[in-house]
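K.L.:
just coords:
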């Protein structure tokens, strides 16, 4: 009798644990795929194309419905704590009189689909990871 009363609550708790585990796994897959794209872009350098980095990230990503965006290499001045990147002309010095570096930005977004409808009300189901990679 007691088990019959507790079973629905246990099922809801277990389903919620599974949902959160799947969400964290999806986020880890986003982070890993962006890391692979960032490493590739860093190794190739300023001649890397946005399309080639996007291909590397999508091949590494195990989430077929994820959206990957890669900006073409651009010059940024990076300063402050935490670091803030501001777009700058490549030949114009930054405020600290140093020439800007060449960077590319990689962003992956995935809409997490929860197994439990109530779980999606408690968390933000849109997962987003971004990396700014220095090429030169």
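P.N.:
Nice, I can see it. Predicted, not measured: the structure shown is a model, and the values here were computed from it. Numbering: from 1, shown residues only.
K.L.:
Please name every helix or strand in contact with the longest strand seen in the chain.
P.N.:
Taking DSSP state E as the criterion, the chain has its longest strand at strand 101-111. If you count contacts as 3 or more C-beta pairs under 8 Å, 6 or more residues apart in numbering; DSSP states H and E, strand 101-111 packs onto helix 2-44, helix 50-60, strand 67-70, strand 74-79, strand 126-134. All C-beta atoms are positioned from the backbone trio N, CA, C, and that covers glycine.
K.L.:
Where in this structure is the helix or strand with the lowest mean pLDDT?
P.N.:
Here the helix or strand of the chain ranked lowest by mean pLDDT, DSSP states H and E is helix 119-122, holding a mean of 62.
K.L.:
Using a markdown table, lay out the helices and strands packed on strand 101-111 together with mean pLDDT.
P.N.:
Below are those laid out as a markdown table (pLDDT from 0 to 100):
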| stretch | mean pLDDT |
| --- | --- |
| helix 2-44 | 89 |
| helix 50-60 | 94 |
| strand 67-70 | 94 |
| strand 74-79 | 89 |
| strand 126-134 | 92 |
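K.L.:
Format these as a markdown table; extra columns: mean neighbour count and distance to residue 108.
P.N.:
Shown next, in a markdown table, are those (neighbours: other C-beta atoms under 10 Å; distance: least, C-beta to C-beta, whole Å):
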| stretch | mean neighbour count | distance to residue 108 |
| --- | --- | --- |
| helix 2-44 | 15 | 5 |
| helix 50-60 | 17 | 6 |
| strand 67-70 | 18 | 5 |
| strand 74-79 | 18 | 19 |
| strand 126-134 | 16 | 5 |
